[in-house]
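Trainee: Okay, predicted coordinates and the sequence, questions at the end:
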Amino acid sequence: MTGPYVVSVGRASWVKGSWETVSMLSGSGVSLAHVGGGSPENLERLSQHAESCGVELWVAPRLSSPEMAALMRGARAVVSMAHGEPFGLTPVEAISVGTPALVVDEGGFRDTVVDGVNGCLLPRGDIGAWHSALEQAADGATRAAWTEAGRARIADMDLSPEAQCRRLESILHSL
């Protein structure tokens, strides 16, 4: 990919908001790195949609954890327009590596993202708000402030990898 890009994670599908994400990026000058693959039919449709919207698209079916962290670190933001996401791990992962999370103001994203504090919760159909958030995410001071606040929120919610390991270890020992 050339120039700035955002990352979206999940199988290319309506429920993950894949086509909406491409549409939102149209005219922004920002490319999309889509990680999670999808059916051949959906990937072809997504590619055609990206081409018609003038959005550069890169697709990977899966990445290792180090590859995913590197991809996210280099991104302008991690975005999600998923429908009915019950929790949404993607913002936690983004915040953990210091990348802004720009997500739709719905569902479980509200549990981890505090709008304007550690990322952005955005109205699904307000493309202007999404483009403004993409510009905010490019600002170094904003990124640093959102990362600091986001990591504090992750710690407050006890969502660190270490906390998850302790929980798993406790479960395994109880078996």
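Mentor: Cool, the structure landed. Numbers count the residues shown, from 1 in each chain.

Trainee: CA only for contacts and neighbour counts going forward, please
Mentor: Fine.

Trainee: pLDDT averaged over the one helix or strand residue 70 maps to - what is it?
Mentor: Under the criterion of DSSP states H and E, residue 70 resides in helix 65-73. The predicted model assigns helix 65-73 a mean pLDDT of 96.

Trainee: and the next helix or strand after that helix, what other elements does it pack with?
Mentor: Downstream of helix 65-73, the first helix or strand assigned by DSSP H and E is strand 77-80. Under the contact criterion of 3 or more C-alpha pairs under 8 Å, 6 or more residues apart in numbering; DSSP states H and E, strand 77-80 touches strand 5-9, helix 90-96, strand 101-104.

Trainee: Could you report the neighbour count for residue 170?
Mentor: 11 (other C-alpha atoms under 10 Å).

Trainee: and what of residue 165?
Mentor: 11.

Trainee: for residue 64, same thing?
Mentor: 8.

Trainee: Repeat that for residue 127.
Mentor: 18.

Trainee: ok, residue 109 touching residue 90?
Mentor: No - Residue 109 sits out of contact with residue 90 when judged by C-alpha atoms under 8 Å, with a separation of 9.0 Å.

Trainee: And these two? Which one has more around it.
Mentor: residue 109 (26 against 20).

Trainee: Next up, the contacts around the residue nearest to residue 9 when sequence neighbours are not counted.
Mentor: Nearest residue to residue 9, sequence neighbours excluded (C-alpha to C-alpha, 6 or more residues apart in numbering): residue 35, at 4.8 Å. Residue 35 sits next to 7-11, 59-63 when contact means C-alpha atoms under 8 Å, 6 or more residues apart in numbering.

Trainee: and with 10 Å instead?
Mentor: 7-12, 58-63, 68, 71 (C-alpha atoms under 10 Å, 6 or more residues apart in numbering).

Trainee: Please enumerate the helices of this structure.
Mentor: For the chain, the helices defined by DSSP state H cover 18-25, 40-53, 65-73, 90-96, 109-112, 127-138, 140-156, 161-174.

Trainee: weakest of those by average pLDDT?
Mentor: helix 161-174 (a mean of 88).

Trainee: hang on, the earlier thing: for residue 82, find the nearest of the helices of the chain.
Mentor: helix 18-25 (7.7 Å; C-alpha to C-alpha).

Trainee: counting contacts, what elements does that closest one pack onto?
Mentor: strand 5-9, strand 31-35, helix 40-53, strand 77-80, helix 127-138 (3 or more C-alpha pairs under 10 Å, 6 or more residues apart in numbering; DSSP states H and E).

Trainee: Sweet, I'm off.
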